[in-house]
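S.K.: how does the following fold in three dimensions:
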Amino acid sequence: MKPQLLLAQFDRISNAPDAVPRLRRFVLDLAMRGKLVEQDPNDEPASRALDRIQTEKVRRGRVERTKKVTVASKDGQQFLLPTGWVWASLADLVAVLNGRAYSQNELLSEGTPVLRVGNLFTSQHWYYSNLELDEDKYCDEGDLIFAWSASFGPFIWRGPKVIYHYHIWKLALHSERDLDKHYLYRLLLQKTQEIKNSGHGISMLHMTKEKMEKLQVPLAPLAEQHRIVAKVDELMSLCDRLDVLRVDRESRRDQLTAASLHHLNNGGDVETLRKHATFYLNHIPRLTTRHDQIKQLRRTILNFAVRGQLVPQDPNDEPASELLKRIQVEKLRLANSSAIQPLPISPVETDLIPSAIPDSWEWVRLGNLLLGDSQNGYSRKPDDALDGIPILRISAGTARKDGVVAEEQHKLIGGVSATLQDQYGLQPGDLLACRFNGNRSFVGRLSLYLGYLGIRPIYPDKLIRLRLPLGFVLPELVRYFAESSVVRKDIESYCATTVGNWGISASNLKEVKIPLPPLPEQQRIVAKLDQLMTLCDRLESQLTTAQTESSLLLEAVLHQALTDTLQSA
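M.R.: Model prediction:
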């Protein structure tokens, strides 16, 4: 495998998810299939070494002399072996020795160290024992061991003599002269990765001793084992170099991205902002190589918008202060003879204003913009009645990434009177807010009802409906602004947690502060945001495509590098 080929293509293949870990797995997989180094017909076949290992196993008393030597079954044999190789069970090659379990009073502050699984990873806390144990309960430097519980896998112990704990096996080779311990370690490393990959996200994995002893080992001739170990070490060193390159490149790119977003998010004069925005837009493909960076870009765009820096102001636009007066008149008109009259709109107190906005804008509370009161939905659970009407599921308000109510997310409910249908019905332009959720970022998140299915649903109790005067306030603008950092921070300040769930009340949601631009500027802002969010959607799609192409390229480069190596060997 030629390092030059990998290095030359690294900028492209490293965009593949887990590029370097996949490269490591690829190397180990090839090694254990006999495809990493060339076979030598002059090597002694592995079957002869296996015979000697079995003889030594009997000599050491690890199997009864009258018992037939174990022959590996075909279970787990997934591929054909090269000439000279042989399948063996792990029990044919090593004795899987159990560690010892300890009661708390046997773990002391001095004596012989007790090696636990945590000590193999990050734990620096050690226990000790003064017990005199059989020699096979001790582990010496260079011994091959296997952690079989939780974060399991093989290790070659590099420390002083220790007692190994119950959750660790010592793998004592039957014959050190006929089996390369480092070859077996790399085989177990490959098998461990294979087992973990088949776990489908299960966080707690373990092996039984019976399974371990039956593990199928593709045993190469001893001379080839040595060559495989040397080649694997060489390629793992290359992986280390590639990983350093990746970390360095991503660190520099992350620093540049963070600096650019910081400048964009922290104001400045118009000319400075324009310069930073131009730089970012000109380098978007290099600055947005991960989905979380595109998420940051979306938030930055919204922060621009909520500060009045996304589109220019027009001095001819009617200021928001006048718009608020007209909204109050409209609310009074719609109230008609209702006994409940809308409260007058009052400006947000100066000391509570979250940030500066253009002179023609006004900070208002969300409740000041509503027609009527904010309202929780219908509390009775769906019953799937065949003659029922649609009622949205709670997830309808959060299922879509574009902030639109997912009308497909509904069930049926019967026995809802026409009066209740009118009370809890939705109109295009209504906003729904999630009232309770285990994820705090979803609580108070606004979604826009469009009515695209034409099913005329009602909404459930866990959602809050907000209805705006559509001729004066664009619901799309309110939804966008509610996703900005400044408004989102205000929303979350009203959130409270109980029994693992976050929640916000309808009355508290009305207290959230939001900036109101003149109506023509609202329209310009929404149009620009729609355009830029479409750009972000396209970037995400391109990123997914690029990662897929990088994965395919990675496989092609690895196979080509392997082919070149074997042809030149």
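
S.K.: residues in contact with Ser417?
M.R.: Ser417 makes contact with no residue under the criterion CB atoms under 8 Å, 6 or more residues apart in numbering. Every residue, glycine included, has its C-beta placed from N, CA and C.

S.K.: helices of the stretch 151-300 of the chain, residue ranges please.
M.R.: 181-197, 209-214, 222-265, 270-282, 284-287, 291-306 (DSSP state H, counting those that start in this stretch).

S.K.: is it possible to export those to a markdown table including distance to Glu407?
M.R.: Below are these laid out as a markdown table (distance: least, CB to CB, whole Å):
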| stretch | distance to Glu407 |
| --- | --- |
| helix 181-197 | 38 |
| helix 209-214 | 50 |
| helix 222-265 | 34 |
| helix 270-282 | 35 |
| helix 284-287 | 33 |
| helix 291-306 | 23 |
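
S.K.: arrange those in TSV, one row each, with distance to Ile53, mean neighbour count and mean pLDDT as further columns.
M.R.: As requested, those are exported to TSV (distance: least, CB to CB, whole Å; neighbours: other CB atoms under 10 Å; pLDDT from 0 to 100):
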stretch	distance to Ile53	mean neighbour count	mean pLDDT
helix 181-197	11	18	86
helix 209-214	15	14	89
helix 222-265	10	16	81
helix 270-282	63	13	59
helix 284-287	55	14	60
helix 291-306	51	19	85
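
S.K.: can you tell me which of the ones you listed is nearest to Arg48?
M.R.: Ranking the helices of the stretch 151-300 of the chain by proximity to Arg48 (CB to CB) places helix 222-265 first, at 9.2 Å.

S.K.: quick one, the closest one and helix 291-306 angle?
M.R.: 0 degrees (axes from the mean of the first three to the mean of the last three CA atoms, to 10 degrees).

S.K.: quick one on the thing from earlier: nearest to Asn316, out of the helices of the stretch 151-300 of the chain?
M.R.: helix 270-282 (19.2 Å).

S.K.: how many neighbours does Pro160 have?
M.R.: Neighbour count for Pro160, taken as other CB atoms under 10 Å: 10.

S.K.: could you check how far Asp18 is from Arg33?
M.R.: Per CB to CB, to the nearest Å, Asp18 is found 21 Å from Arg33.

S.K.: the more surrounded of those two?
M.R.: Arg33 (16 against 11).

S.K.: ok, the more buried one touching Gln190?
M.R.: No. Applying CB atoms under 8 Å as the test, Arg33 and Gln190 come out as separate, 9.6 Å apart.

S.K.: rounded mean pLDDT for the host helix or strand of Thr497, please.
M.R.: Following DSSP states H and E, one finds Thr497 within strand 496-498. Average pLDDT, strand 496-498: 86.

S.K.: helices or strands up against it?
M.R.: strand 501-503 (3 or more CB pairs under 8 Å, 6 or more residues apart in numbering; DSSP states H and E).

S.K.: next, the buried residues of the strand it packs on.
M.R.: Trp502, Gly503 (16 or more other CB atoms under 10 Å).

S.K.: show me how this protein divides into domains.
M.R.: 1-43+223-316+519-569, 48-220, 320-517 (automatic domain parsing).

S.K.: who are the contact partners of Gln313?
M.R.: By CB under 8 Å, 6+ apart, the neighbours of Gln313 are Pro358, Ser360, Glu521.

S.K.: I figured the first one hits Gly308, correct?
M.R.: The one in question is Pro358. Yes. Using CB under 8 Å, Pro358 makes contact with Gly308 at a distance of 4.0 Å.

S.K.: which neighbours do those two share?
M.R.: Both Pro358 and Gly308 are contacted by Pro517, under the criterion CB under 8 Å, 6+ apart.

S.K.: the more surrounded of the two?
M.R.: Using other CB under 10 Å, the more surrounded residue of Pro358 and Gly308 is Gly308, with 20 against 17.

S.K.: what residues are up against the more buried one?
M.R.: Counting by CB under 8 Å, 6+ apart, Gly308 has contacts Ile357, Pro358, Trp361, Pro515, Pro517, Glu521.

S.K.: quick one: the second one is in a strand?
M.R.: This points to Pro358. No. Counting by DSSP: H, G, I helix; E, B strand; the rest coil, one finds Pro358 to be coil, located in no strand.

S.K.: do you know how far it is from Glu330?
M.R.: 24 Å.

S.K.: what's the answer for the first one, then?
M.R.: Applying CB to CB, one obtains 23 Å for the distance of Ile357 from Glu330.

S.K.: looking at these two, which is more packed in?
M.R.: When neighbours are counted by other CB under 10 Å, Ile357 and Glu330 differ, and Ile357 comes out ahead with 19 against 15.
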